[in-house]
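K.L.:
Using only what follows, build the 3D model:
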Amino acid sequence: LTIKNSACFEHIWVSTDDKRIAIEAEKYGAIVHHRPEKFARDDTPSIDAIQEFLNGHATIHDFALFQCTSVFLKSKYIQEAVHKYKSHDCVFAAKRSHYLRWKVMDDSLVPAEFNLEARPRRQDWKGDIVETGMFYFSNRQLVQSGLLQNNRCSIVEIDAKDGLEIDTNHDLTLAKYILSSQTKTDL
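P.N.:
Below is the predicted model of the structure:
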């Protein structure tokens, strides 16, 4: 409903191999793309599923992919992405991370992106930009070259609290807790 309520799209498609999801999608006015099972597996890269979709719909040149695992999508993020997409090849959702990252190099633990002698205070730096997976706006030409993004992208910076992706049962429990605390109800 958030995508529909954003009033940004002429058509909303749901790509699925699940009959129950297809029925729900049609109930809310979406057009269903019946995705072949080989492109609907948990380990199928998004780019492969997008290529399969575009191959079946030659008139679609620009698209937005919204991940159903990102449940805190907001209309304002979609509207900002649509606006930015007018002047960029691609737009995606990202959030700020203020964690100091480390990596292992030659069996030694070293800072990934900071100097130990000038260690930043987390509240004093802008942080890293981290892709969330919430959505991607892109085009057929990029996807046909095997890419979803290039160096002419822009981001929509979402609130960190909205960046939760449901990939595990723990994530689902956390999302339910967040929603119930916002609505003051039990789910």
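
K.L.:
Going by C-alpha atoms from here, please, whenever you check contacts or count neighbours.
P.N.:
Fine.

K.L.:
Grab the longest strand from this structure for me.
P.N.:
strand 128-139 (DSSP state E).

K.L.:
Which secondary structure elements does that one sit against?
P.N.:
In terms of contacts (3 or more C-alpha pairs under 8 Å, 6 or more residues apart in numbering; DSSP states H and E), strand 128-139 is packed against strand 62-66, strand 90-97.

K.L.:
can you list those strands in TSV and add mean pLDDT?
P.N.:
Below are the helices and strands packed on strand 128-139 laid out as TSV (pLDDT from 0 to 100):
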stretch	mean pLDDT
strand 62-66	96
strand 90-97	96
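
K.L.:
so where is this structure shaky, pLDDT-wise?
P.N.:
Residue ranges of the chain with pLDDT under 70: 184-187.

K.L.:
and among the helices and strands packed on strand 128-139, the most buried is which?
P.N.:
strand 90-97 (a mean of 22; mean count of other C-alpha atoms under 10 Å).

K.L.:
Could I get the full set of helices for this protein?
P.N.:
2-5, 19-27, 46-56, 75-85, 140-144, 169-183 (DSSP state H).
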